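> Got a sequence here, can you model it:
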Amino acid sequence: MLSPKKKSAVSEPLNTLTVLVPDGVITKDNVFVLVNALHFKGTWVKEFYPAIITKSGMMVGLGEEKGEVIGVMKELRNVGCDVLTIGQYLMPTKNNLPVIEYVEPEVFEFYKQEGEKIGFKSVESGPFVRSSYNARMINNKF
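Next up is the predicted model:
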């Protein structure tokens, strides 16, 4: 677990995953704000409530490398994320970023296995997985 005294909870993998989006840029600073939601009055929320289940999700297919995805997964786990969903990015409108790659099912399985090795309590990974994918079932596990 990262120390609350650290100024940044996010390290190098996110530098290479900076993504241009129509309304701005997603950077390490944006992710740091999200990570800080787990931080309260100088202490990680998990230190107060160790049983709380935290979840995050990501979409792939925008040209990222496997190593970059694994790096982000490790960062999420390092800040106490318990559950992870990984799905295929699909361009919702012509005004959004185009799909760079349709990720093969074997790669999604690889991400699931790696996430379990990293220590996530649950990883749902597949082309049709979305952030709420099997949320009730996952919640019932804990």
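> Restricting to C-alpha, output stretch 95-108 in PDB.
Only the C-alpha atoms of stretch 95-108 are listed here, as PDB (Å, rounded to 0.1, in the frame of the first residue of the first chain):
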ATOM      1  CA  ASN A  95     -17.300  12.700 -32.700                       C
ATOM      2  CA  ASN A  96     -15.400  10.300 -30.400                       C
ATOM      3  CA  LEU A  97     -12.000   8.600 -30.800                       C
ATOM      4  CA  PRO A  98     -11.900   5.800 -33.300                       C
ATOM      5  CA  VAL A  99     -11.200   2.200 -32.300                       C
ATOM      6  CA  ILE A 100      -7.500   1.500 -33.100                       C
ATOM      7  CA  GLU A 101      -7.800  -2.300 -32.400                       C
ATOM      8  CA  TYR A 102     -10.400  -4.900 -31.600                       C
ATOM      9  CA  VAL A 103      -8.600  -6.800 -28.800                       C
ATOM     10  CA  GLU A 104      -8.600 -10.600 -29.200                       C
ATOM     11  CA  PRO A 105     -10.500 -12.700 -26.500                       C
ATOM     12  CA  GLU A 106      -7.100 -14.300 -25.600                       C
ATOM     13  CA  VAL A 107      -5.700 -11.000 -24.700                       C
ATOM     14  CA  PHE A 108      -8.700 -10.300 -22.400                       C
END
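> how about it: buried residues?
Val103, Val107, Phe108 (16 or more other C-beta atoms under 10 Å). To be clear about C-beta, it is placed using only N, CA and C from the backbone, and glycine gets the same treatment.
> Let's see which of those end up in helices.
Using DSSP state H, the members of those that fall in helices are Val107, Phe108.
> any chance of the buried residues of stretch 95-108 in CSV, with distance to Ile52 too?
Listed next are the buried residues of stretch 95-108 as CSV, based on distance: C-beta to C-beta, whole Å:
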residue, distance to Ile52
Val103, 31
Val107, 31
Phe108, 27
